[in-house]
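Engineer: Here's my sequence, what's the structure:
(chains A and B)
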There are 2 protein chains.
Amino acid sequence: MQTYERIADLRNALKTARVEGRSVGFVPTMGALHEGHLSLIRRARAENDLVVISIFVNPTQFNDIDDYEKYPRHVARDIEMAAGAGADVAFTPAMDEIYSEGFDTVVVVRGLSDILEGASRPGHFQGVATVVAKLFNIVQPDHAYFGEKDYQQLQVIRRMARDLDISTEIVSCPIVREPDGLAMSSRNVRLSPEQRKAATVLNRALGYTQEIADTGVHDAHILSGWLARTIEVEPLAKLDYAVIVDRETLLEADRIDNSPIALVAATFGDVRLIDNRIITPAPGLERRG
Amino acid sequence: MQTYERIADLRNALKTARVEGRSVGFVPTMGALHEGHLSLIRRARAENDLVVISIFVNPTQFNDIDDYEKYPRHVARDIEMAAGAGADVAFTPAMDEIYSEGFDTVVVVRGLSDILEGASRPGHFQGVATVVAKLFNIVQPDHAYFGEKDYQQLQVIRRMARDLDISTEIVSCPIVREPDGLAMSSRNVRLSPEQRKAATVLNRALGYTQEIADTGVHDAHILSGWLARTIEVEPLAKLDYAVIVDRETLLEADRIDNSPIALVAATFGDVRLIDNRIITPAPGLERRG
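Structural biologist: Predicted coordinates:
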């Protein structure tokens, strides 16, 4: 595993690979790696000649300075885990390597950035889009890998890549879950044992919503109402939103006929978690209410 | 000269050049080519193996729909002129090739975009930065060439390229002038004979400002006052601004010791023109007022 802290050094290393015609897969991370990240790295390993990960806790995507400061940091362990999953190169820049003096440019995906997570976390997606645009320009990967847990982030990045004619192909990978169903997140370690247990309500509520859909209820508003109430029943969960939206536009769906996605966000103590699940209509029951 | 209207076709053509290790020089234009553009193409020809120009009248950088509609369009002639100056490839996309359905991403260089031209033309530099970012991603040039007449644009693009880690080197080329000193501009053809004559006041006023500086006047505010008044004396000129600013930050300079740049903008009829000149201190007279 080769590790670079400077953009120029990383570029130099990747130049050789590119001249040799080797494909480059890229997994941008904020470190604190878990099985979800490792699944991205393994996928990148399977599909590319060279696998690059970045580890950079990006301050501009945190709307809450407390969340930024508490974000787990274990770079040495991360590098070891990434190498074990098949990464070849780690890019671990310091702050001033990414945001040098006079930095004053932002990439904004309008519309998609202002709703749901964007409404709860002002500036979050602007920070994400800008740093991902930078990292794409630095690494110039053939493929870049993102987890489906951060579904809105994935859609913002897809939109940005399409709109700015970025030639990198965006690849998404399924959510990886703990044995009890909790979606893997770097923030899970900050949950108390009680909160950790309570947090499983998100995945349970999503599964329950699909079960109701399976009985033939295809009205998205009825289903999202059930989804919200199921989470609200958990005393340690403070629900932010529970919606069923079109998978591309993220605008609220009226019905589930086109397999929209249910997105939920809730806070447990001071830890905000998100989860999601595509809701599919019950086969043969398309005409019921 | 090869001409491409589709991004995919252009990319395919450039891929071959890149695999062969040929350097790519890029001159983005809105067409209506004049000697200024040709000087950029000749410079690109001298410094690169392959020279690409783009011709696209970008609607998002016009704050005035009338100016957009009246912008001169002569694509066939432009292609001929560009070929004569040494361009190998022309990219002439239609509107929906650049702005496809659902387009919703912008690149914003804050600060620099809001002053001077940005104050007079809201949204202009956001439109410029976004389309240039897209064109850079499409062409992936080693060098890109911009004229110094649009000095603020040049600085916005330099800042964007630096901030977003775009690997293209930005090369600037001196203003090309008509025999009577008027800076070449695609909008000059829209001037009446009287306006055309009056418009020479911009370059004359800039030269006069340097002459005053040569006498030992190094106070930038006194100099920009003379600059403004010289333009205002011309009855057909409606002055927008006349300032002397730092060459990088574009913030107003107090003195000319560091060779700041004088920027002017004025309207003749309905045609808005800009010009500029670096103002240098008089050698050996640094200590006079």
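
Engineer: beta partners for the spatially closest residue to A:Arg190 that is not a sequence neighbour?
Structural biologist: Counting by C-beta to C-beta, 6 or more residues apart in numbering or on different chains, A:Arg190 lies nearest to A:Val271, which is 4.9 Å off, once chain neighbours are set aside. In this view, the C-beta of every residue, glycine as well, is placed from N, C-alpha and C. Assessed by DSSP bridges, A:Val271 has beta-bridge partners A:Phe268.

Engineer: give the contact list for A:Val271.
Structural biologist: Contact analysis of A:Val271 by C-beta atoms under 8 Å, 6 or more residues apart in numbering or on different chains lists A:187-188, A:190-191, A:195.

Engineer: Closest one to chain B out of those, please.
Structural biologist: A:Arg187 (27.8 Å; C-beta to the nearest C-beta).

Engineer: Distance of the nearest residue to the closest one once chain neighbours are set aside relative to B:Thr130?
Structural biologist: The spatially closest residue to A:Arg187, leaving aside those adjacent along the chain, is A:Val271, at 5.2 Å (C-beta to C-beta, 6+ apart). Remark: distance between A:Val271 and B:Thr130 (C-beta to C-beta, to the nearest Å) = 36 Å.

Engineer: Tell me where chain A has helices.
Structural biologist: With helices called from DSSP state H, chain A shows them at A:7-19, A:35-47, A:65-70, A:75-85, A:95-98, A:117-120, A:124-139, A:151-163, A:193-198, A:201-214, A:220-232.

Engineer: mind listing what A:Asp165 touches?
Structural biologist: A:Asp165 touches B:7, B:134, B:137-138, counting by C-beta under 8 Å, 6+ apart.

Engineer: and chain A, which of those residues contact it?
Structural biologist: Applying C-beta under 8 Å from any C-beta of the partner chain to the contacts of A:Asp165, one finds that B:7, B:134, B:137-138 fall near chain A.

Engineer: In CSV, list the residues you listed along with neighbour count and pLDDT.
Structural biologist: Shown next, in CSV, are the ones next to chain A among the contacts of A:Asp165 (neighbours: other C-beta atoms under 10 Å in any protein chain shown; pLDDT from 0 to 100):
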residue, neighbour count, pLDDT
B:Ile7, 20, 98
B:Lys134, 24, 98
B:Asn137, 21, 98
B:Ile138, 24, 98
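
Engineer: Would you quantify the distance from the nearest residue to A:Ser113 once chain neighbours are set aside to chain B?
Structural biologist: Leaving aside its sequence neighbours, A:Ser113 sits nearest to A:Phe125 (C-beta to C-beta, 6+ apart; 3.7 Å). From A:Phe125 over to chain B the distance is 11 Å, taken as C-beta to the nearest C-beta, to the nearest Å.

Engineer: these two touch, right, A:Phe125 and A:Arg110?
Structural biologist: No: counting by C-beta atoms under 8 Å, A:Phe125 does not reach A:Arg110; the two are 9.9 Å apart.

Engineer: phi, psi of A:Arg73?
Structural biologist: phi -130, psi 120 (degrees, to the nearest 10).

Engineer: And the pLDDT at it?
Structural biologist: On pLDDT, A:Arg73 comes in at 93.

Engineer: Report the contact partners of it.
Structural biologist: Per C-beta under 8 Å, 6+ apart, neighbours of A:Arg73: A:31-32, A:57.

Engineer: Could you check stretch A:77-94 against chain B for contacts?
Structural biologist: No: using C-beta under 8 Å from any C-beta, stretch A:77-94 never reaches chain B; the gap is at least 10.5 Å.

Engineer: Many thanks, have a good one.
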